[in-house]
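Chemist: starting from these lines, generate the structure:
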Amino acid sequence: MTERTWSCMCGNFEGKVTGDPNLACWCHCITCRKATGAAMQLAAWDKDKFEILKGKDDLISYAKDPDSGSIRHSCAKCGSFCYKNLGEARVAPLGALSGDRIKPTCHIFVGEKGHQEVMFPELAQHEGWP
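Modeler: Residues are numbered from 1 along each chain as shown. Modelled structure (predicted):
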């Protein structure tokens, strides 16, 4: 089974995912856009396919809405987005993963994209999480 790893910019955090993601997408939500300045490529795995290799104690966590089950984890030292809890799923940044490229198959939260043009408009577009 394929394993992919990634780290934050300073190397304090390292994570690993196993197998193919359940979903790979471009996220246009306002939270991702505020964090990165643009739409973000993300992929979601079941939490049993996700592992923190190091740096768990060096993360800061943020929940825009504590009742949503969505918690963003970033490195306290360099500020890199490391992963997100989304209910039972764990979401990792596609651009930071090692190994073969995973191509996004859809866009999510397109209603929040503002005036940005959607790259790859041929992909399915969803108002929320599919």
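Chemist: in what helix or strand does H107 lie?
Modeler: Under the criterion of DSSP states H and E, H107 resides in strand 106-108.
Chemist: now the element after that strand, going C-ward?
Modeler: Remark: after strand 106-108, the chain's next helix or strand is strand 124-125, criterion DSSP H and E.
Chemist: for the strand holding H107, give me every contacting residue.
Modeler: Applying CB atoms under 8 Å, 6 or more residues apart in numbering, the set of residues contacting strand 106-108 from outside is 23, 25-29, 39, 118, 120, 123-126, 128-130. For every residue, glycine as well, the C-beta is placed using N, CA and C.
Chemist: what is the nearest of these to K64?
Modeler: Nearest to K64 among these, counting by CB to CB, is C29 at 9.4 Å.
Chemist: next up, the contacts around the closest one.
Modeler: Contacts were defined as CB under 8 Å, 6+ apart; by that measure C29 touches 108-109, 112.
Chemist: let's see 10 Å
Modeler: Under the criterion of CB atoms under 10 Å, 6 or more residues apart in numbering, the contact list for C29 reads 35, 39-40, 42, 64, 70, 108-113, 128-129.
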